[in-house]
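Need coordinates for the below:
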Amino acid sequence: MNTSKSSNCAISKQLNKYSNRFGLENINAHAIRRAFAKRLLEKGASVPLISKALEHSDLAVIV
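This next block holds a predicted model:
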């Protein structure tokens with residue numbers, strides 16, 4: 001198994017565990033990334049900077 005995939009799976013399991021424990025809905029890694037990007041944008045960060053922070057391979061991914 002790919003190390004990245006096993007890390008993602010472990011993170012997903014932890015997110016599920018804590019979202020169930022605390023009664024949170026719609027908590028997943030992608031939602032957290034989206035919220036992070038949205039917060040950066042609201043704080044005035046440029047789209048290229050946000051794209052780089054999210055490690056996108058292409059600026060078009062964020063648009």
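
Other residues contacting the helix-or-strand element of the chain with minimal mean pLDDT?
The helix or strand of the chain with the poorest confidence is helix 3-22; it has a mean of 84 (mean pLDDT, DSSP states H and E). With CB atoms under 8 Å, 6 or more residues apart in numbering as the test, helix 3-22 has contacts from 24-25, 27-29, 32. (Each C-beta comes from the backbone N, C-alpha and C, glycine too.)

Adding distance to I11, neighbour count and secondary structure as columns, could you present those residues in a markdown table?
Output for the contacts of helix 3-22, formatted as a markdown table (distance: CB to CB, whole Å; neighbours: other CB atoms under 10 Å; DSSP: H, G, I helix; E, B strand; the rest coil):
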| residue | distance to I11 | neighbour count | secondary structure |
| --- | --- | --- | --- |
| L24 | 15 | 10 | coil |
| E25 | 18 | 6 | coil |
| I27 | 11 | 14 | coil |
| N28 | 9 | 13 | coil |
| A29 | 6 | 12 | helix |
| I32 | 9 | 12 | helix |
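
quick one: buried residues of stretch 9-20?
L15 (16 or more other CB atoms under 10 Å).

again with stretch 42-61
50-51.

Output that stretch as PDB, restricted to C-alpha atoms.
Extracted in PDB, the C-alpha atoms of stretch 42-61 (Å, rounded to 0.1, in the frame of the first residue of the first chain):
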ATOM      1  CA  GLU A  42     -11.400  35.700   3.200                       C
ATOM      2  CA  LYS A  43      -8.200  36.900   4.800                       C
ATOM      3  CA  GLY A  44      -6.900  38.300   1.500                       C
ATOM      4  CA  ALA A  45      -4.600  35.600   0.300                       C
ATOM      5  CA  SER A  46      -4.100  35.500  -3.500                       C
ATOM      6  CA  VAL A  47      -5.400  32.500  -5.500                       C
ATOM      7  CA  PRO A  48      -1.900  31.500  -6.500                       C
ATOM      8  CA  LEU A  49      -0.800  31.500  -2.900                       C
ATOM      9  CA  ILE A  50      -3.700  29.400  -1.800                       C
ATOM     10  CA  SER A  51      -3.100  26.900  -4.700                       C
ATOM     11  CA  LYS A  52       0.500  26.600  -3.500                       C
ATOM     12  CA  ALA A  53      -0.500  26.200   0.100                       C
ATOM     13  CA  LEU A  54      -2.800  23.300  -0.900                       C
ATOM     14  CA  GLU A  55       0.000  21.900  -3.100                       C
ATOM     15  CA  HIS A  56      -2.000  21.900  -6.300                       C
ATOM     16  CA  SER A  57      -0.100  20.900  -9.400                       C
ATOM     17  CA  ASP A  58      -1.900  23.400 -11.500                       C
ATOM     18  CA  LEU A  59      -3.500  26.800 -10.700                       C
ATOM     19  CA  ALA A  60      -6.600  25.800 -12.600                       C
ATOM     20  CA  VAL A  61      -7.500  23.200  -9.900                       C
END
